[in-house]
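S.K.: pasting the sequence and the predicted coordinates here, then a few questions.
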Amino acid sequence: MVLKIVLKVEFYCLKCKVLVMKTIATLMGIDKIEIDAEKSTVTVTGEVDPVAVVKQVRKAGKMVNILTIGPPKDEKDEKKVKPCELPACCPRCEHISITVEQYGGCVIM
């Protein structure tokens, strides 16, 4: 049975959005994934278990809440949504530390 699952996931940057998209895309049976960064929602359509989708998003390190689960509606008149501008990276995603020493050397940890 084809389901439409709407999840609430917090996105802080473009890297977060891509990570969630790639993580969900690994599941079998997904027809469509839509991300609305302004509303912080992810809509997954397909023959997939909602619990498996939630587990995948949590494996990516993101908090997730299920908003709705149900059959998909036939949307003939889809509205064009202007993409939301997100920063390239956020402090939660950045794990690099660079230290500059007195002698001018650079150390990456």
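M.R.: Sure, I can see it. Nothing here was measured: the structure is a model prediction, and the numbers come from that model.

S.K.: which strands or helices does the longest helix seen in the chain pack on?
M.R.: When the chain is parsed with DSSP state H, its longest helix is helix 14-25. For helix 14-25, the elements it packs on are strand 30-36, strand 41-46, helix 50-59, judged by 3 or more Cβ pairs under 8 Å, 6 or more residues apart in numbering; DSSP states H and E. Just so you know, the C-beta spots here come from the backbone N, C-alpha and C atoms, and that holds for glycine as well.

S.K.: swap the cut-off to 10 Å and go again
M.R.: strand 3-9, strand 30-36, strand 41-46, helix 50-59 (3 or more Cβ pairs under 10 Å, 6 or more residues apart in numbering; DSSP states H and E).

S.K.: how about the ones you listed, which one is nearest T68?
M.R.: Nearest of the helices and strands packed on helix 14-25 to T68, taken as Cβ to Cβ: strand 3-9 at 4.5 Å.

S.K.: parallel or antiparallel, which strands does that closest one pair with?
M.R.: For strand 3-9, sheet partners with direction are given as strand 41-46 (antiparallel), strand 64-70 (antiparallel), following DSSP bridges.

S.K.: tell me what the closest residue in space to D31 that isn't next to it in sequence is bridged to.
M.R.: Distances taken as Cβ to Cβ, 6 or more residues apart in numbering put G46 closest to D31, at 4.0 Å, once the chain neighbours are dropped. When assigned by DSSP bridges, G46 has beta-bridge partners L3, I30.

S.K.: show me what contacts G46?
M.R.: 2-5, 27-33, 53, 72 (Cβ atoms under 10 Å, 6 or more residues apart in numbering).

S.K.: 7 Å - rerun?
M.R.: The contact partners of G46, by Cβ atoms under 7 Å, 6 or more residues apart in numbering, come to V2, G29, I30, D31, K32.

S.K.: model confidence for it, exactly?
M.R.: pLDDT recorded at G46 is 93.

S.K.: now do K79
M.R.: What the model reports as pLDDT for K79 is 60.

S.K.: present the contacts of G46 as a markdown table; the columns should include distance to M63.
M.R.: As requested, the contacts of G46 are exported to a markdown table (distance: Cβ to Cβ, whole Å):
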| residue | distance to M63 |
| --- | --- |
| V2 | 27 |
| G29 | 24 |
| I30 | 21 |
| D31 | 25 |
| K32 | 23 |
